[in-house]
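Student: sequence and predicted structure, then a few things I'm wondering about:
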Amino acid sequence: MTKQELIDLLNEDLKHEFHHMHSYLHASTLVTGLHRHEIAELLLEEAKSELEHCHQFAQLIVHLGGTPVTSGHPIDELKSVTWKTHPINILEDAMAMEDVVAARYSERLRQTEGHENPETSYVHVFYEEQIADSWKTAREFQLMLKKHA
């Protein structure tokens, strides 16, 4: 895989990370109901985590000689979203979003499997760390949503 192909993959995923950050931030302001403050705080922490991911993706793109994307973010899709306010609905959507991320990054692991050069090897390890974070977050949401007998 060439450097430019790596940069293109990373930029595509950077767009999604921006979208996730804004989704968490927005949801943290809209959540209602019982435990609103605790859920809002959790969502705000997730937004901060996504901001850190954005920074990591952008830095890696720069280190590879590219320019991080600054336009055309999926954030534009936020304008047409019907926002949910109930904590259970928000957590279900967040869990689904993180599961999609984990699946996307699993595909990235397959795409960078060859380790044809040091850059590809590093990006492969980077995606391993990203998938671990998303999968863990999704499982935490899953436990929060689990009904007690």
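Tutor: Cool, got the structure. Numbering: from 1, shown residues only.
Student: helices along the chain, start to end?
Tutor: Ranges of helices within the chain are 3-30, 36-63, 87-111, 118-145, based on DSSP state H.
Student: quick one: contacts for residue 137?
Tutor: 46, 49, 94, 98 (CB atoms under 8 Å, 6 or more residues apart in numbering). Where you see a C-beta, it was placed from the backbone N, CA and C, and this is true even at glycine.
Student: nearest to residue 69, out of the helices of the chain?
Tutor: helix 3-30 (4.7 Å; CB to CB).
Student: what about this protein, any weak spots by pLDDT?
Tutor: 71-83, 148-149 (pLDDT under 70).
Student: tell me, what residue is most central in it?
Tutor: residue 17 (4.4 Å; CA atoms, centre = their mean).
Student: farthest-apart pair in the contacts of residue 137, please.
Tutor: Maximum distance among the contacts of residue 137 (CB to CB): 11.6 Å, for 49 and 94.
Student: who has more neighbours out of the two?
Tutor: residue 94 (23 against 16; other CB atoms under 10 Å).
Student: residue 108 contacts residue 12, doesn't it?
Tutor: No. Between residue 108 and residue 12 there is no contact under CB atoms under 8 Å: 9.6 Å.
Student: between those two, who's got more neighbours?
Tutor: Neighbour count, other CB under 10 Å: between residue 108 and residue 12, residue 108 has more, with 22 against 13.
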